[in-house]
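1. Show me how the following folds:
(one chain, ligands or ions: 1)
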Amino acid sequence: MTDYDTVSADVEHEEEIPEDHPRYQDLLTRHRIETGVEKGITHLQGMHAEGRGSAFDYLLGEETIPSADAAERAAAAHLLLADRPVLSINGNVAALVPGEMVELAAATGADLEVNLFNRTPERIEAIAEHLREHGAATVKGLEADARIPNLDHQRGKVDEDGIYAADVVLVPLEDGDRAEALDEMGKTEIVIDLNPLSRSPRVADVPIVDNIIRAVPNITEHARDLADADEDELRGIIDDFDQERALEEAEVRIRNGF
Ligand code: PTJ
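-> Now for the predicted structure:
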């Protein structure tokens, strides 16, 4: 028996998970989602979503593959060039990377907006408060004074001066219907999703097939690196990025392991 066998799935604090555990990232992710559910931030369905993601991440080797890194650099370029960039936050995102999303917003001048598939006033407020505790000065999504066209009432609720007016939107772990509806609104969409066959990354201008816990800090790092880049350089990075190829490379890696 290794020491790892003594690591329980229901540790109380994430610091108890040994960082050298071979499945450290998976245990950490699972723990954060469970805590999110307990706090009323994450919906129970978020656990199913996490399980699906975890299986794909295992097949990817739990690492950022080169095509995902290129997508993360293109995402940073889009966010820096945008007039009104918005980072969309759901219950899984809030549980997994609250502070990291606040940092990305600061590095790119983006707004944070809570946008839920299973929308209730209690969850919206709990997530907004959680983000504030992690340093967010302003959180959008509470007004909900506009609607995404062609999406049913609850799921289509957005802020008029947030996602509705945004030119570039980062939508991690997104439901396919909403990703399609945002695409139809003409938004430049950046999607983080570990399943390259899912509808959301397939409609995205920039599909990022990577675990959100690696992807978001890496986009921030690229954004900081590109902070002094001029418009031509940023446009060059965007033009060089090939979304079809990124999806294909992720699928090949998942199917073949190389
Ligand atoms: O908080 P709410 O009410 O807005 O609900 C959020 C969930 C995630 C429950 C809802 O949007 C949903 O049901 O999403 P889906 O349709 O299950 O899609 C989630 C996608 O995210 C799946 O394709 C997963 O593979 C992927 N995924 C899950 N965990 C991660 C992930 N991708 C990147 N990083 C992860 N950690």
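
2. Only C-alpha atoms from now on, for both contacts and neighbour counts.
-> Fine.

3. hey, where'd the helices end up in the stretch 151-258 of the chain?
-> 176-184, 199-203, 212-225, 231-240, 243-256 (DSSP state H, counting those that start in this stretch).

4. Out of these, the one nearest the ligand is which?
-> helix 212-225 (4.0 Å; CA to the nearest ligand atom).

5. Could you list the buried residues of that closest one?
-> Residues of helix 212-225 classed as buried by neighbour count (16 or more other CA atoms under 10 Å): Ile212, Arg214, Ala215, Val216, Pro217, Asn218, Ile219, Thr220, Glu221, His222, Ala223, Arg224.

6. returning to that earlier point: most tightly surrounded among the helices of the stretch 151-258 of the chain?
-> helix 199-203 (a mean of 22; mean count of other CA atoms under 10 Å).

7. Get me the contact residues on the stretch 101-250 of the chain for the ligand.
-> When proximity is defined by CA under 6 Å from any ligand atom, the stretch 101-250 of the chain lies next to the ligand at 116-119, 173-175, 192-195, 198, 210-212.

8. Mind pulling up the pLDDT for Gly257?
-> pLDDT recorded at Gly257 is 86.

9. wait, doesn't it sit right on Tyr58?
-> No: using CA atoms under 8 Å, Gly257 is not in contact with Tyr58; the gap is 10.0 Å.

10. Could you give the bridge partners of the residue nearest the centre of the chain?
-> When the chain is reduced to its mean C-alpha position, the nearest residue by CA atoms, centre = their mean turns out to be Pro172, at 2.9 Å. When bridges are called by DSSP bridges, Pro172 pairs up with Ile192.

11. quick one: it and Ala229, what's the gap?
-> 25 Å (CA to CA, to the nearest Å).

12. likewise Ile219?
-> 15 Å.

13. Over to Asn195?
-> 32 Å.

14. Compare those two (neighbour count), which wins?
-> With neighbours defined as other CA atoms under 10 Å, Asn195 and Ala229 compare such that Asn195 has more, 25 against 13.

15. need the contact list for the more buried one.
-> Gly53, Phe56, Pro201, Val209 (CA atoms under 8 Å, 6 or more residues apart in numbering).

16. Looking at those residues, spot the one nearest the ligand.
-> Among these, and counting by CA to the nearest ligand atom, the member closest to the ligand is Gly53, at 3.5 Å.

17. Tell me the predicted confidence for the closest one.
-> 96.
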